[in-house]
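Student: predicted model and sequence follow; I will ask about them next.
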Amino acid sequence: FLKNSILAVSGNPSFDAILNHKSLLTRRFYSKKYNINVKSKWILYTMMPPGIVNNEIDVVKSICIEIAEQCIDNEVIILLRKNPNHHKNDFKNMDLPKNLVLLEHFCNYDKEKDLIVQSKEGEYEWLDLLHYCTLNISVPSTVTLEFLMLNKPVLNIGFGPDGKFNNLLSQHFDAGFYRDIFKSNDLVHKAKNLNEFMKIINTLLKTKILKKTY
């Protein structure tokens, strides 16, 4: 009963913005901004909201230490993007591994509107880095879907800083919007422990996608 002449199927507008995005700043600009090798492998780690797993930063540090010791490629850099719910000063004075880069945090909480707002500059940097990074590490989330939209692999983790499976994270793997993707998309990988994680990383580094440098 709806008039098809006034309807158009558009999909998710945020995905359209990602697919249509043209990088505003060069990869070299970001390499200078964050003092990282422009030709190294940039992997984007996107964090969960604080409080779900209180020690996620320790998970990130353990991953970086393991990569530095066991990775077949010594040019792998982890770019850490905090969750919009984090404070801009979180982890700022923390002693971090050399292969871990803390990205600038562009999000602020608007008390009047009760919204987390990201600046326009931050949105542009986010879209640029989606294109410049070769892999996403995170729990299943909308970010992993954004990487898949760009035909880039994602590695979902389900372990804590001890490297062992964390039951609190199993809910993300079983989410209705995401569960079936594991069965149908070969770009999605799941690591239940740190040893499994390293095997997957080293396997992916041998593929054409992660061999690419810029």
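Tutor: Arrived safely, thanks for sending.
Student: in the chain, which spans are helices?
Tutor: Ranges of helices in the chain, per DSSP state H, are 13-19, 27-33, 56-70, 120-132, 142-149, 170-173, 181-184, 194-204, 208-211.
Student: tilt between the fourth one and helix 142-149?
Tutor: Put plainly, it is helix 120-132. 50 degrees (axes from the mean of the first three to the mean of the last three C-alpha atoms, to 10 degrees).
Student: which residues touch helix 120-132?
Tutor: 17-18, 21, 23-25, 27, 30, 42, 44, 79, 81, 103-107, 118, 146-147, 150, 214 (C-beta atoms under 8 Å, 6 or more residues apart in numbering). Every residue, glycine included, has its C-beta placed from N, CA and C.
Student: ok, the nearest residue to residue 137 once chain neighbours are set aside - how many residues close by?
Tutor: Leaving aside its chain neighbours, residue 137 sits nearest to residue 45 (4.5 Å; criterion: C-beta to C-beta, 6 or more residues apart in numbering). Neighbours of residue 45 under the rule other C-beta atoms under 10 Å: 25.
Student: also residue 69?
Tutor: So residue 69, with other C-beta under 10 Å, has 8 neighbours.
Student: for it, give me its contacts.
Tutor: With C-beta under 8 Å, 6+ apart, residue 69 has no contacts at all.
Student: kindly report the same for the one 5 residues further on.
Tutor: Going by C-beta under 8 Å, 6+ apart, residue 74 touches residue 68.
Student: can you give me the distance of it to residue 122?
Tutor: 30 Å (C-beta to C-beta, to the nearest Å).
Student: likewise for residue 89?
Tutor: On the measure of C-beta to C-beta, residue 89 and residue 122 end up 16 Å apart.
Student: ok, those two, which is more surrounded?
Tutor: Using other C-beta under 10 Å, the more surrounded residue of residue 89 and residue 122 is residue 122, with 17 against 8.
Student: one step back: filter the contacts of helix 120-132 down to the buried ones.
Tutor: Neighbour counting by 16 or more other C-beta atoms under 10 Å classes 18, 21, 27, 30, 42, 44, 79, 81, 103, 105-107, 146-147 among the contacts of helix 120-132 as buried.
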